[in-house]
Structure formats: C-alpha cells, structure tokens
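Student: fold the following for me, if possible:
(chains A and B)
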Amino acid sequence: MKRLVLELGGHAPVIVFADADLDHAVAETLKAKFATSGQDCLGANRIYVERGIYDAFAARFTEAVAALSVGPGLDDPDIGPLMNARAVEKQAAHVRDAVEQGARVLCGGEGHAAGDLFYAPTVLADVPDTARIMAEETFGPVAPLTPFDDEAEVVARANASEYGLVAYVHSLDPRRIYRLSRALQFGMVAVNRTKVTGAPIPFGGMKQSGLGREGARRGMEEFMEIKYVCRDWR
Amino acid sequence: MHAAAAARAGIEDAGLLRDRALVAGAWIAGTGTLAVTDPATGEEIGTIAALSGEQSGEAVAAADRAFADWAGRLPQERSAILRRWFELMTEAREDLARIMVLEQGKPLSEARGEIDYAASFVEFYAEEAKRPNIEGVTSHLPDAEVELWLEPAGVAALVTPWNFPSAMLTRKAAAALAAGCPVLAHPRPRRPSRRSRSACSRSARGSPRACSTSSPARRPRSSRPGPPTRGCARSRSPVRPRSGGSFTGSRPRR
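Tutor: Predicted coordinates:
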C-alpha cells in the first residue's frame, strides 16, 4: 500500500455580502482571481455578490481589472502569459459558453496583443450557474460575477461543486462569518482576505480537491507512519 | 539553459543552470532531451534531460538504497542539511526568480514571492525535523508501557505542477526529507523547476545520498495526469516495500 497526499485543484467561490467593506472586497477579489495570471488552484472561479451592491461591485471591480498590465514576466506586469495554447483556448471557450448563456462581457473577452499565450483580463457579469466556468477550473484571467439574494442560497450554490479547496468570504458581521465558516465545505476558508497560505498551516481540500494536507506539522506526518509499542519489563 | 537567454534575463550565477537530472548525487544526461520554451515569446531557452525507464528505475533503486541511511540519521543532522538548503535558496533568490520567469512566465515580482514562499517551507521543515517526538499513552494494560513512535514511511515520490514550480516541490520535498524519507521528484517536464533542483543539489553536496535523487523528466506517456507514482516511481522496478506519494495537479476530466 502507498500512503498518498493528493492536491487536485479547486473551484473557489468568493462571496461578497452587502455588509462587507466594498473597496477592500474589490481589492482582495482582484488578488484572488488574478494572482499567477489566474493559474492558481486557489484562484477565484465564481464571484457571488449580494444583489444590493452587485452593480457597484461590478463597476469598481471592472475598473480595476481593466487597469491590469499585461506583458512578458521580465517586465514585471500584473498578468503574464498562460501556460500553453490549450490554456488560452480554454479562456475563450469559457467566455463563449457564458456569453451564449446570457452573460455580459464587462471588459476583456479576447486574446491580447502581447502574444499568442496572452489573454486579456476579463470580467463577465450575470453568469448563470449552468455555465461551464461556474463548474470547471478556468485557470486563467477570467472573472465571472453573479448576484445572490440571501445567505442560505449562496451557501448552497457555493457548496454545489465537486471541489472543496478554498472559499473566500467578505462580510463584517461576526455571526454571519461564523455561520459561513461552518457551512462552507472547503478545506480552507478565508474571511475578508485572500492570502492565507504559508508553511505553518495545513494546505488541502475536501471532496474532489484531494486527500491529506501539506505544510505544518501535519505535512511532515503525512510522510510518517505510527508504530505502536507496548512493553512489559519481565 | 542557453547562455543568451540567461543573459537576457539577467541571471548572474550560471552554476544554477542545469540541463541534467540529479540521480543519486550525480547529474546525469538522459537518453533524450525535452525543449524548454519561454511562454512569453515561444523561444526555446534550453533543454532538460529525458530519462529512460531504465534510468528512472536506477533513480528509484538509489532512493531505496538511501532510505536506511537517511532515516537513521539524527534529526539534528537532517535539520542542518535542510537549513543549508534554505540559506542557499535565499542567497540565490534573484537568479532563481529570473529563471522561473523565463521557464514559467509569471511576473518577476510573483516569481520573487514564490522563491520566498518556497524557501519558507524548507526553513519550517528544517525546524520541524528536530521534533518527530515519541508520544506516551497512559496504559490500559497492567504493568505495560505504551508508546507511539513516528517513523519515516519510505521513499517519497513527488509529482509537482508547473504553476508553482518551486513552492510545490519544496512543500513536499522538505517535509519528506525532514520526516526521514528520500525523495524522487518529478516536476512537470516542460517547466522543470531547475532552481529548486539546483539548490537541492548544492545542499546535498555534503551528503550526496540525502537528497538522493531528483527529477527523471520523461513526459508521462499519456497527456492526462496520472497517479502520483507516474514517471519516476512508476518504473519497471519491483514494487517498493516502503513508499508513498504526493501529487499536486489536476484530475482528468470525465
């Protein structure tokens, strides 16, 4: 038998409540989506925004995304190239599928003049839950927005994924934060922030996101076996 | 890596650039090569060794041979070697980041951040290596003493992805080495994470069997990701008596 640790990807929801600090939520969601040019298993892949602030969030977020610089990594832009041609095609396919299902392109939505492996940072609004991008890892700079009306609804939609790696929540209501932290079926829950990883914490996911944890003492124990020794001195 | 590409990227220490695979403390040529391209330009910036199944089998056997020695060392000794690896990575931070930009494409600031993140795992596990510890249990049996020991599980096969080529390797390798397991590392072939391998090899100089093997780089036979033992540990050699695996990547779509 082999001992295994598996980290198999994610499909992170970002949930922004109307009681959140809007500017902070926009800035953090930008990081959650566009770090590593979107090629991150922790990358935001579904952005749920409470209806009362949906338009304001979409406007500020789109303004920030449209301002992202794109270019070769050595020029130190915000967004670099994608991994290969298939990755670029996947962005285009996810955008096309979402638009066919009624989504609106708020910015981007096409390749980028910087080169063949570049895709323009993209925001989609009103993306239905049936769109491919709401279920499959996009692994690139495309951000789908969708409104929600109440807490139970958004928790159910966030959990309706085969993945369970990380979820991001933005709210300033401590009781709501506690309820969400319990209800979300994810190995990691980030509240009002994006960066949560580091050597001292156990990184890993639930459901199809994997098995075991990496980092922390547990990450070392994954490579160790328990031997039980019971002895008498006779 | 081709000298022109390295110069263009401002890489100063050419000693960090490797096109061979580290097996049992030696850098060996493969039976073929795989091209590495800069995703920003499509330009070929170098090649890496593609090992044969037989060479991969040798790597597995070498890791197996290293197991008793590595597992038997004092925790403090493993800790010191990991600590040195951390220091070498930190010293080479800028060059390692620039190599990553060329190979992987990510923006330079993010590459620097990843080297720091990657090194932090080596630092953390250098410290944690000192505390495997034995747990005493209050006995439920008359006159008996009860203890739980933690022992290294065996050779660790590590399969790492291209998006965080340095940190995903150190997160696994440093933990496994701290636990007392030799490692077989199989980075995504076209983004070979040379920076970590180089740093690893340097740290291993004093004890060539410690980081005993790394990176047989044959592309998996199928383009679909396989189980963690694909590649290096999945060789024709017999089933390892004690081993484990750690995989980061995506699952095949249905």
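Student: next, count neighbours for residue 25.
Tutor: All of this is about chain A. When neighbours are defined as other C-beta atoms under 10 Å in any protein chain shown, A:Ala25 has 26 of them. Using the backbone N, CA and C atoms, a C-beta is placed for each residue, glycine as well.
Student: ah, no, chain B please
Tutor: When neighbours are defined as other C-beta under 10 Å, B:Gly25 has 18 of them.
Student: closest to the centroid, which residue in the chain?
Tutor: Let's take chain A. Taking C-alpha atoms, centre = their mean, the centroid of chain A lies closest to A:Ala44, which sits 2.1 Å from it.
Student: switch to chain B, please.
Tutor: For chain B, the residue nearest the mean C-alpha position is B:Ala185 (4.3 Å; C-alpha atoms, centre = their mean).
Student: now do the strands in chain A.
Tutor: Secondary structure of chain A (DSSP state E): strands located at A:3-7, A:12-16, A:44-50, A:104-107, A:111-112, A:115-119, A:122-125, A:142-148, A:163-164, A:166-170, A:188-191, A:206-207, A:210-211, A:224-231.
Student: give me the contacts around the longest one.
Tutor: Applying C-beta atoms under 8 Å, 6 or more residues apart in numbering or on different chains, the set of residues contacting strand A:224-231 from outside is A:3, B:132, B:139, B:141, B:144-153, B:179-180.
Student: beta partners of the residue nearest to the centre of chain A?
Tutor: Legend: beta-bridge partners of A:Ala44 under DSSP bridges are A:Ala12.
Student: separation between it and A:Lys31?
Tutor: 9 Å (C-beta to C-beta, to the nearest Å).
Student: most surrounded residue in the contacts of strand A:224-231?
Tutor: With neighbours taken as other C-beta under 10 Å, the top of the contacts of strand A:224-231 is B:Ala179, carrying 28 neighbours.
Student: thinking again about what came up before, inside strands: which ones of the contacts of strand A:224-231?
Tutor: Under the assignment DSSP E, the contacts of strand A:224-231 contribute A:Arg3, B:Glu145, B:Val146, B:Glu147, B:Leu148, B:Trp149, B:Leu150, B:Glu151, B:Pro152 to strands.
Student: quick one: least confident helix or strand in chain A?
Tutor: One helix or strand of chain A scores below all others by mean pLDDT, DSSP states H and E: strand A:3-7, with a mean of 94.
Student: would you mind getting the angle between that strand and strand A:224-231?
Tutor: Relative orientation of strand A:3-7 and strand A:224-231, computed by axes from the mean of the first three to the mean of the last three C-alpha atoms, to 10 degrees: 150 degrees.
Student: could you see whether chain B lies near strand A:3-7?
Tutor: Yes - interface with chain B: strand A:3-7 contributes A:Arg3, A:Leu4, A:Val5, A:Leu6, A:Glu7 (C-beta under 8 Å from any C-beta of the partner chain).
Student: partner residues bridging the second one?
Tutor: The one in question is A:Leu4. Beta-bridge partners recorded for A:Leu4 (DSSP bridges): B:Gly245.
Student: distance of it relative to B:Glu147?
Tutor: Applying C-beta to C-beta, the value for A:Leu4 to B:Glu147 is 27 Å.
Student: returning to what we had before: spatially, which two of the ones in strands among the contacts of strand A:224-231 are the most separated?
Tutor: Farthest pair in the ones in strands among the contacts of strand A:224-231 (C-beta to C-beta) is A:Arg3 and B:Glu145. Separation: 27.3 Å.
Student: spell out which parts of the stretch 1-150 of chain B neighbour chain A.
Tutor: Counting by C-beta under 8 Å from any C-beta, the residues of the stretch 1-150 of chain B near chain A are B:8-10, B:39-42, B:98, B:101-102, B:104-111, B:117, B:120-121, B:123-125, B:128-129, B:131-132, B:139, B:141, B:143-150.
Student: derive a ChimeraX selection command for the buried subset of those.
Tutor: Those of the residues of the stretch 1-150 of chain B next to chain A that count as buried under 16 or more other C-beta atoms under 10 Å in any protein chain shown are selected in ChimeraX with:
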select /B:8,9,39,40,41,98,101,102,104,105,106,107,108,110,111,117,120,121,123,124,125,128,129,132,150
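Student: now, which of the residues of the stretch 1-150 of chain B next to chain A lie within helices?
Tutor: Using DSSP state H, the members of those that fall within helices are B:8, B:98, B:101-102, B:104, B:108-111, B:117, B:120-121, B:123-125, B:128.
Student: of those residues, which one scores lowest on pLDDT?
Tutor: In terms of pLDDT, B:Arg8 ranks lowest among these, with 91.
Student: which of the ones in strands among the contacts of strand A:224-231 lies closest to A:Asp19?
Tutor: Distance to A:Asp19, by C-beta to C-beta, is smallest for A:Arg3 among these, at 44.1 Å.
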